[in-house]
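S.K.: below are the sequence and a predicted model for it; my questions follow.
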Amino acid sequence: MPLLEVTDLRTSFHTRSGIYRAVDGVSFSLEKGETLGIVGESGSGKSVTCYSLLGLVPTPPGRIEGGRALFDGVDLLHCPPAQLRAIRGKRIAMIFQDPMTSLNPYLRISEQLIEPLLIHDNISKADALARGLAMLDAVGIQDAAQRLHSYPHEFSGGMRQRVMIAMALITKPEILIADEPTTALDVTVQAQILELLKKLQRDLGMAVIFVTHDLAVVSGLCDRVQVMYAGRIVEAAPTRTLFQAPRHPYTRALQRSIPSLQPKGRELYTIPGMPPDLSQPASGCAFAPRCEQAVAACQATDPRLQPVSAGQSTACLRVQNAEI
């Protein structure tokens, strides 16, 4: 039985200019110890999917329209708020995108780091500080004993991200959701953070949902990858399969956009056009206006995710009909 099973998740934002269907029928599962990558352009619904699972979508304007997310027999989307609070931060933790805006600049690192322990575990502040110090050591903070009582502005971007990882893992969660944890970091620090996440995952035996727009990052980190576009999953496959034999034109376009794969001296490839307006009902495939292989049928038929090979599913009409 999967550790987490999400079925037909739908989340919308009701605004004065219309209803934006940010997540439109997303389904996936997560096994114990597995790393699942969720990739796609900005605005594809990756972060909103994760926020929905933890009850972090602001209401209003956000609203979970339907679906379920079963975690250890508990439906995270419909359980009482007190029950969700007991799970969030304890059994399911999250690393947010920007550590500078996620950390409170007025509070010392020590106060923010031990807060999950004081809320979820019945331990003294002294014991919580001892565990916080050990966790700062584990994530590679130099001179952790001296830095424990510093303020966030006294840390570099990479160090702040390590603090966020320490905060998320201090309760030893069963699932870690990492929402683009390396986006604002330089390449060297990014590699260090990814290696750190892999090591801590092995040590703690937890499952990880890794959210990013960078396919190159997930290639060496994730066991399976789901590609999102316009609030839906358009392709799902084991990582090796996705990179060796991508089927959906959007996945192929994302791979062509990786700078390191570009022929030397040529102009860098970019996907033409813009993502669709999610407040407008889509007729046909949402990617069709930007797809180089689209035909008239793609504009009229709304394809759903279907298996096309062993372990690989794709929401492309032409692939499903074996035309490409």
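M.R.: Nice, I can see it. Numbering: from 1, shown residues only.

S.K.: what's across from the one residue sitting closest to the centre of the chain in the sheet?
M.R.: The C-alpha lying nearest the average C-alpha coordinate of the chain belongs to residue 211 (Cα atoms, centre = their mean; 2.4 Å). Beta-bridge partners for residue 211, by DSSP bridges, are residue 38, residue 179.

S.K.: list the contacts for it?
M.R.: By Cβ atoms under 8 Å, 6 or more residues apart in numbering, the residues touching residue 211 are 37, 38, 39, 46, 47, 50, 177, 178, 179, 180. C-beta here means a position set from N, CA and C on the backbone, and glycine is covered the same way.

S.K.: and for residue 26?
M.R.: Contacts of residue 26 (Cβ under 8 Å, 6+ apart): 6, 8, 9, 10, 45, 49, 67, 228, 231, 232, 233.

S.K.: and the helices in the stretch 1-150 of the chain?
M.R.: Assigned by DSSP state H, counting those that start in this stretch, the stretch 1-150 of the chain shows helices spanning 46-53, 81-87, 99-102, 109-120, 125-138, 144-147.

S.K.: point out the most buried one among those helices.
M.R.: Ranked by mean neighbour count under mean count of other Cβ atoms under 10 Å, these are led by helix 46-53, which reaches a mean of 24.

S.K.: that helix - contacts with which helices or strands?
M.R.: strand 4-15, strand 18-30, strand 35-39, strand 62-71, strand 175-179, strand 207-212 (3 or more Cβ pairs under 8 Å, 6 or more residues apart in numbering; DSSP states H and E).

S.K.: the residue lying closest to residue 135 once chain neighbours are set aside sits in which helix or strand?
M.R.: Leaving aside its sequence neighbours, residue 135 sits nearest to residue 166 (Cβ to Cβ, 6 or more residues apart in numbering; 4.3 Å). Residue 166 is part of helix 157-169 when elements are defined by DSSP states H and E.

S.K.: show me where this protein dips below the pLDDT cut-off.
M.R.: 99, 184 (pLDDT under 70).

S.K.: what domains does the record give for it?
M.R.: According to automatic domain parsing, the chain comprises the domains 4-91+171-320, 103-170.

S.K.: need the ones you listed in TSV (columns: distance to residue 97).
M.R.: Formatted as TSV, the domains of the chain follow (distance: least, Cβ to Cβ, whole Å):
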stretch	distance to residue 97
domain 4-91+171-320	5
domain 103-170	10
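
S.K.: now do stretch 202-213: distance from first to last residue.
M.R.: 24 Å (Cα to Cα, to the nearest Å).

S.K.: can you offset everything so residue one is 666?
M.R.: All right, first residue 666 from here; so that's stretch 867-878.

S.K.: report the buried residues of it.
M.R.: 871, 872, 873, 874, 875, 876, 877, 878 (16 or more other Cβ atoms under 10 Å).

S.K.: what about the longest helix in this structure?
M.R.: When the chain is parsed with DSSP state H, its longest helix is helix 852-869.
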